[in-house]
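> sequence? don't have it. structure:
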Ligand SMILES: NC(=O)C1=CN([C@@H]2O[C@H](COP(=O)(O)OP(=O)(O)OC[C@H]3O[C@@H](n4cnc5c(N)ncnc54)[C@H](OP(=O)(O)O)[C@@H]3O)[C@@H](O)[C@H]2O)C=CC1
Ligand SMILES: O=C(O)CCC(=O)C(=O)O
């Protein structure tokens, strides 16, 4: 039996070579050690091992044909982590770096994130090592169809409801949804992140990025501060990054950077709405690279974290993108506010530096939960056979992000004037998941 102090042996035995997964479990176990001691139930019901072992992992081959008739094979997975609080829910990622460890960390995180939303959703994640970069639309379509020809048997509106993540937008969701319809001949809310034209929720596309800013606004308010004229460094230039930038500008902040895997685009005085719109067209509509942008100053091979006149960092690209050295640079430059748009964007060392510096630190499982929350609202709309107006969705998103903020501080107190949000989020999620586990009995 494992405790938050001894879980490593279990991970080494049952999940060897899964660096990212170990990192995500460690973060949680570090934060819940005290809570674990407060009740004998946790040890008696062997909660730690049951929490870190996924319900099941489905692994499958995806064969697809390119435009020249050549046949390719990719690996794909769906990690159905826990359905303690509702049907499995979480995104699909298509990226060459996808492997079982990455999806286990993302699925594990998703359980805590979904618990924080207050909506009835379990945690899951899936995807493939397929690289859509450089592929034609027809190739992407054939890949998505082949992917769904296996996945369909494992999902359903009350079983498991996937959505998008890196390189999976409403475009890919559309192809997968179409294939599901052809196989099942049943229109049901089996995927979220659809376009509003056929059952998607208004505002789902914007929800994660907007939600990050709503959460950040709550964090700042709780520390007698605001977004007004704050200078923000954003990494990434995908769905989350660009919508976070859009809402930050609307809230009166200055967005100094966005980035992609090629480099950083820098705006000394903050990007204008017009400049942001041109980047949105380039990245979201034309699949372009930032080096092709006609606005800003492009810094090849540079991350945003070295820019030395900022107040806030918003990593919105991918896991472990902000390393120990970057954290040192940011803290050295007096950037003491950080809110995570991406999932686990900080290395363990970088995270520790921000925590030890008593910085204002918004953890991903709380800060980026707006996307899955609006996915939850999309499920409600599909089940009711209705479509809500954007004003209602945005109002709900605002409410949910405020409630997530409340939940993060429910079990913790300010230390040296700062709320420990990461600890608060982990304790809240742990209590909720462990409570359901005990209530459901052993099985
Ligand atoms: N979409 C959603 O609703 C949600 C997403 N998230 C998380 O947010 C993050 C971003 O997702 P999303 O915006 O949807 O994905 P997108 O595919 O829309 O965008 C990803 C962005 O990150 C950049 N990126 C990816 N890998 C790297 C890397 N190794 N180094 C530098 N830049 C990189 C990409 O650049 P390039 O084009 O060069 O690859 C791109 O700009 C992920 O961690 C995801 O899990 C969290 C909650 C919900
Ligand atoms: O909308 C969803 O179901 C999942 C979003 C997601 O993948 C995430 O929160 O990381």
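Ah, there it is. Everything quoted here is computed from the prediction, not taken from an experiment. Ligands and ions are numbered 1, 2, ... in the order given.
> Spell out which parts of the protein neighbour ligand 2.
Counting by C-beta under 6 Å from any ligand atom, the positions of the chain adjacent to ligand 2 are 89-91, 110, 113, 163, 165, 192, 343, 371-372, 375. Bear in mind the C-beta positions are built from the backbone N, C-alpha and C, glycine included.
> most neighbours, which of those residues?
Within the residues of the chain next to ligand 2, neighbour counts (other C-beta atoms under 10 Å) peak at residue 90, which reaches 31 neighbours.
> Quick check: which element contains residue 372?
According to DSSP states H and E, residue 372 maps onto helix 370-384.
> Can you name the two of the residues of the chain next to ligand 2 that sit furthest apart?
Of all pairs drawn from the residues of the chain next to ligand 2, the greatest distance, 17.2 Å, lies between 192 and 343 (C-beta to C-beta).
> For the protein, name the helix or strand with the lowest mean pLDDT.
helix 40-44 (a mean of 93; mean pLDDT, DSSP states H and E).
> Flag every buried residue along that helix.
Residues residue 42 are the ones in helix 40-44 that count as buried (16 or more other C-beta atoms under 10 Å).
> Output the contacting helices and strands for that helix.
helix 421-440 (3 or more C-beta pairs under 8 Å, 6 or more residues apart in numbering; DSSP states H and E).
> Quick one: list the elements packing against the helix it packs on.
By 3+ C-beta pairs under 8 Å, 6+ apart, helix 421-440 packs against helix 19-37, helix 40-44, helix 47-52, helix 100-117, strand 360-362, helix 364-367, helix 390-409.
> The first one vs ligand 1: in contact?
No - Helix 19-37 is not in contact with ligand 1 by C-beta under 6 Å from any ligand atom; minimum separation 11.5 Å.
> can you give me the helices for the stretch 51-200 of the chain?
Taking DSSP state H, counting those that start in this stretch as the test, the helices found in the stretch 51-200 of the chain are 100-117, 137-151, 170-184.
> How about the closest residue to ligand 2 within the stretch 251-400 of the chain: what's its closest non-neighbour residue?
Residue nearest to ligand 2 within the stretch 251-400 of the chain (C-beta to the nearest ligand atom): residue 375, separated by 3.2 Å. Excluding the flanking residues, the one nearest residue 375 by C-beta to C-beta, 6 or more residues apart in numbering is residue 192, at 3.8 Å.
> cool, and residue 308?
In space, and not counting its chain neighbours, residue 308 is closest to residue 333: 4.7 Å by C-beta to C-beta, 6+ apart.
> Am I right that the one you found is in contact with residue 311?
No - the pair residue 333 / residue 311 is not scored as a contact, 9.8 Å apart, by C-beta atoms under 8 Å.
> Good, we can wrap up now.
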